[in-house]
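Peer 1: I'll drop the sequence and a predicted model, then ask my questions.
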Amino acid sequence: MTSQIKTVLLLALLTGLLMLIGGALGGRGGLLVAFVLAMAMNVGSYWFSDRIVLSMYRARELSRADAPGLFAIVEELSRNAGIPMPRVALIPQEAPNAFATGRDPQHAVVAVTEGIMRLLTPEELRGVLAHEIGHVANRDILIQSIAGVLAGVIMYVASMIKWATLFGFGGRGEDGEGGNPVAALALAFVAPVAAMLIQMAISRSREYLADESGARYSGDPAHLASALAKISGYAERMPMRAGSEATAHMFIVNPFTAGGVANLFSTHPPVQERIDRLMAMAGRR
């Protein structure tokens with residue numbers, strides 16, 4: 001419930017930031033154009049997210065005959081979560097990782113790499129799959145898409161404000177009073193960074209929630225904690241090939257190496273903190 005409340009508050013912050021920057025632009029016309037463009041891009045990516053991401057990583061959809069053990073685990077966990085069984089796909093990469101995608105539980109896909117199938121024990125793999133089923137059950141793809149729409153609008157409108165302020169346009173509201181071009185320009189630079197940080201916070205909140213949900217569906221938080229320790233250790237030495245940083249939030253552990261200041265913008269909470277939370281859950285059982 002805490003993660004759900006945080007997500008609602010963060011989405012409200014994004015909405016408030018959008019209203020603030022729209023007012024700085026000095027009218028509704030530009031805001032409406034930016035909203036329509038951002039909505040079209042984000043809704044398109046949301047609707048076809050499964051096809052886009054699976055093709056990006058050359059994932060191959062599996063049949064039950066290809067991996068009966070894997071299907072049995074996904075089927076059981078889906079039953080525990082009360083959702084339809086997602087499709088299952090295999091990513092031809094050695095880097096151990098997994099993700100879930102799809103616009104809703106009826107159109108979901110759970111994908112695992114070849115590396116994770118070899119690295120983890122059956123119990124640890126079950127914990128990872130439970131985490132991904134948690135993302136599907138919690139409708140995280142929808143929430144991320146809403147956050148993406150709002151953040152996209154903010155960044156687009158901020159860009160419009162920069163050009164409008166530099167060329168002396170805009171900054172005049174419906175009451176005819178002029179805006180402050182210096183304040184508008186400052187907001188145009190600050191707002192996109194704020195939007196990015198809020199979007200990252202939403203992603204982190206959903207990771208915690210998926211960990212908690214997955215621990216409930218699998219019945220053993222310790223196995224997911226053990227899997228996270230193994231996967232993160234390999235991710236630092238063996239990042240994913242191809243793909244894009246834009247898809248990093250989808251994986252159970254960030255598949256691309258990052259450090260220093262880059263950690264500030266990480267879509268994932270610190271792995272050790274996730275492990276500590278899971279082990280605390282295991283201790284309360």
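Peer 2: That came through fine. Keep in mind it's a predicted model, so treat the numbers as computed, not measured.
Peer 1: all strands of the stretch 1-150 of the chain, in order?
Peer 2: Along the stretch 1-150 of the chain, the segments classed as strands by DSSP state E, counting those that start in this stretch run 60-61, 87-91, 98-101, 109-113.
Peer 1: ok, longest helix in the chain?
Peer 2: Counting residues, the longest helix found in the chain (DSSP state H) is helix 181-218.
Peer 1: From the contact counts, what lies against that helix?
Peer 2: Other helices and strands packing on helix 181-218, by 3 or more C-beta pairs under 8 Å, 6 or more residues apart in numbering; DSSP states H and E, are helix 2-25, helix 68-81, helix 122-137, helix 140-166, helix 221-237, helix 271-284. For the C-beta atoms, the positions are set from N, CA and C on the backbone; glycine is no exception.
Peer 1: returning to that earlier point: among the strands of the stretch 1-150 of the chain, which comes closest to R277?
Peer 2: Nearest to R277, of all the strands of the stretch 1-150 of the chain, is strand 98-101, at 19.0 Å by C-beta to C-beta.
Peer 1: Just list the residues touching the residue nearest to H131 when sequence neighbours are not counted, thanks.
Peer 2: The shortest distance from H131 to any non-neighbouring residue, by C-beta to C-beta, 6 or more residues apart in numbering, is to G214 (3.6 Å). By C-beta atoms under 8 Å, 6 or more residues apart in numbering, the residues touching G214 are 127-128, 130-134, 224.
Peer 1: what's the answer for M85, then?
Peer 2: 74-75, 78.
Peer 1: Next up, phi/psi of it, please.
Peer 2: Torsion angles at M85 (phi, psi; degrees, to the nearest 10) stand at phi -70, psi 130.
Peer 1: Settle this for me: P221 is touching M279, isn't it.
Peer 2: Yes. If you go by C-beta atoms under 8 Å, P221 and M279 touch, sitting 7.0 Å apart.
Peer 1: Having no further points to raise, I will conclude here.
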